[in-house]
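1. just to be clear, the model below is a prediction. Sequence and coordinates:
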Amino acid sequence: MNIDGRPTRTIWLADDGATVEVIDQTRLPHRVSTKRLASLADAADAIRTMVVRGAPLIGVTAAYGLALAMREDASDEGISRAVETLAATRPTAVNLRWALDRMAAALTRPEVNDRVAAAYRLAAEMADEDVATCRAIGEHGATLIRDAHDRTGRTVNVLTHCNAGWLAAVDWGTALAPVYVAHDAGVPVHVWVDETRPRNQGAALTAFELGQHGVPHTILADNAGGHIMQHGRVDLCIVGSDRTTASGDVANKIGTYLKALAARDNGVPFYAALPASTIDWRLDDGVAEIPIEERGPREVTHMTGRTETGDIVTVEIASPGSPAANPAFDVTPARLVTGIITERGIAAASREGLASLFPEHAPRPR
Ligand SMILES: CSC[C@@H](O)[C@@H](O)C(=O)COP(=O)(O)O
């Protein structure tokens with residue numbers, strides 16, 4: 001995608017061929033800046049502090065993190081230690097584990113001396129694959145937007161939660177990829193952007209990237225979605241996911257579940273868009289089994305923003321001393337999900353639905 005008209009990805013190998021550059025998402029939308037990752041510790045820190053975030057991008061950053069780690073110690077023990085360090089950064093997005101398992105399996109095969117080159121090669125391959133996968137999600141999901149336009153003859157209103165656009169992946173994104181494909185094809189589309197407290201990924205990141213791409217959008221306070229759905233102002237909801245079970249339960253940013261409930265009550269189709277790497281085929285019951293990240297209370301009690309004079313400041317918005325809880329994700333049960341948009345097509349949110357698109361993961365008949 002583009003920032004100020006210049007094409008960019010969220011992560012790339014620097015000109016020195018060794019370090020890795022990422023867009024620093026903690027500074028958006030107020031400052032566009034990059035950060036250089038030169039070591040395993042830098043990569044782990046970037047994921048932990050959300051310099052990079054979003055399930056697909058976390059996975060690719062972890063892959064590059066392993067490549068950086070191989071320069072420090074390419075032994076079998078070095079691989080295990082690096083995997084352990086990176087896996088501990090964030091618990092919910094399963095793309096992290098998926099990327100680390102794939103890298104570790106590929107790295108233990110070559111001789112120790114060949115592991116650095118192999119790691120960079122595979123990390124770059126995974127970055128390119130992520131772009132192609134998200135683009136395919138966009139093509140499949142755009143049919144829903146096109147169909148809605150054909151049915152109504154007017155601008156299609158899509159509601160999304162958090163940021164599942166190109167900033168959450170290497171490019172294109174998941175939930176927003178259908179919007180970009182439809183918009184680029186001339187289908188009139190407008191996005192309702194949930195602000196997404198407490199970190200405001202919607203107001204800060206989704207609004208920023210839609211604005212950069214010229215897609216009409218409106219930021220909504222998180223509590224407004226139900227109201228606008230009741231008044232017929234949403235044609236479909238599309239969200240991303242950090243982990244989806246084999247049975248179609250969808251973990252995504254906190255607040256997603258409430259939007260799915262409101263969508264069901266108002267007959268609004270509710271889709272999750274995700275690559276196969278977000279599906280945890282070992283899990284069945286998302287509410288019971290998906291680990292939900294608990295983040296610090298300061299994200300709830302304080303807010304960061306830009307003053308009119310351009311300074312970035314953090315202010316306290318809560319009653320001083322009151323405790324705050326901060327679960328970062330919730331699980332929307334499959335029964336509330338109309339369909340799952342993947343790189344292979346749109347599936348019903350069920351074990352059978354997902355297995356029909358990904359038969360290689362279907363349980364073998366006994
Ligand atoms: C394409 S990304 C899907 C999800 O990762 C996204 O919706 C989300 O919840 C991101 O959470 P974050 O905490 O910002 O990493």
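-> Sure thing, it's come through. What you are looking at is a predicted structure, and each value in this text was computed from that prediction instead of being measured. Numbering: from 1, shown residues only.
2. for Ala177, give me phi and psi.
-> Backbone geometry at Ala177, expressed as degrees, to the nearest 10, gives phi -60, psi -40.
3. and it, how close does it get to the ligand?
-> Relative to the ligand, Ala177 is positioned 9 Å away (Cβ to the nearest ligand atom, to the nearest Å). The way it works is simple: take the backbone N, C-alpha and C, and place the C-beta from them, glycine included.
4. which non-adjacent residue is nearest that residue?
-> Gly138 (3.0 Å; Cβ to Cβ, 6 or more residues apart in numbering).
5. show me what contacts that neighbour?
-> Trp172, Ala177, Pro178, Tyr180, Val181 (Cβ atoms under 8 Å, 6 or more residues apart in numbering).
6. and it, what element?
-> Using DSSP states H and E, Gly138 falls within helix 115-152.
7. to what extent is the residue of the chain found nearest the ligand buried, counted in neighbours?
-> Nearest to the ligand in the chain, going by Cβ to the nearest ligand atom, is Gly240, at a distance of 2.6 Å. Gly240 has 32 neighbours, counted by other Cβ atoms under 10 Å.
8. which residues touch it?
-> By Cβ under 8 Å, 6+ apart, Gly240 lies in contact with 54-55, 162, 164, 168, 173-175, 252-253, 272-274.
9. how about Met103?
-> Met103 touches Ala62, Ala63, Leu66, Val83, Ala119, Leu122, Ala123, Met126, counting by Cβ under 8 Å, 6+ apart.
10. which SS class is it?
-> Classification of Met103 using DSSP: H, G, I helix; E, B strand; the rest coil returns helix.
11. quick one: pLDDT of it?
-> On the pLDDT scale, Met103 is placed at 98.
12. name the residues of this protein found near the ligand, please.
-> 53-56, 93, 162, 164, 168-169, 173-174, 201, 240-242, 252-253, 328 (Cβ under 6 Å from any ligand atom).
13. go with 5 Å
-> For the chain, the residues in contact with the ligand (Cβ under 5 Å from any ligand atom) are Arg53, Gly54, Ala55, Cys162, Ala164, Ala168, Thr174, Gln201, Gly240, Asp242, Asn252, Lys253.
14. number of nearby residues for the nearest residue to the third one once chain neighbours are set aside?
-> By the measure of Cβ to Cβ, 6+ apart, the closest residue to Ala55 outside its immediate chain neighbours is Ala93, 3.9 Å from it. For Ala93, the tally of surrounding residues (other Cβ under 10 Å) stands at 28.
15. now Ser350
-> Close neighbours of Ser350, defined as other Cβ under 10 Å, add up to 17.
16. what does Glu294 give?
-> For Glu294, the neighbour count with other Cβ under 10 Å is 12.
17. I'd like to know how far it sits from Arg48.
-> Distance of Glu294 to Arg48, given as Cβ to Cβ, to the nearest Å: 14 Å.
18. swap in Gly296?
-> From Gly296 to Arg48 the distance is 12 Å (Cβ to Cβ).
19. what sits against Pro323?
-> Going by Cβ under 8 Å, 6+ apart, Pro323 touches Pro297.
20. for it, phi and psi?
-> The phi/psi pair for Pro323 (degrees, to the nearest 10) reads phi -70, psi 160.
21. can you check Cys237 too?
-> phi -100, psi 140.
22. my read: it touches Ala272, true?
-> No. Under the criterion of Cβ atoms under 8 Å, Cys237 makes no contact with Ala272, lying 9.2 Å away.
23. which of those two has more neighbours?
-> Counted by other Cβ under 10 Å, Cys237 and Ala272 do not tie: Ala272 has more neighbours, with 30 against 27.
24. helix, strand or coil: sort out the more buried one for me.
-> Here Ala272 is recorded as strand under three-state DSSP.
25. cool, and the one 10 residues further on?
-> Three-state call for Arg282 (three-state DSSP): coil.
26. nearest residue to it in space, please, no chain neighbours.
-> Counting by Cβ to Cβ, 6+ apart, Arg282 lies nearest to Ala246, which is 7.5 Å off, once chain neighbours are set aside.
27. could the contacts of Gly240 be laid out in CSV, adding pLDDT and secondary structure?
-> Shown next, in CSV, are the contacts of Gly240 (pLDDT from 0 to 100; DSSP: H, G, I helix; E, B strand; the rest coil):
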residue, pLDDT, secondary structure
Gly54, 98, coil
Ala55, 98, helix
Cys162, 98, coil
Ala164, 98, coil
Ala168, 98, helix
Gly173, 98, coil
Thr174, 98, coil
Ala175, 98, coil
Asn252, 98, strand
Lys253, 98, strand
Ala272, 99, strand
Ala273, 98, strand
Leu274, 98, coil
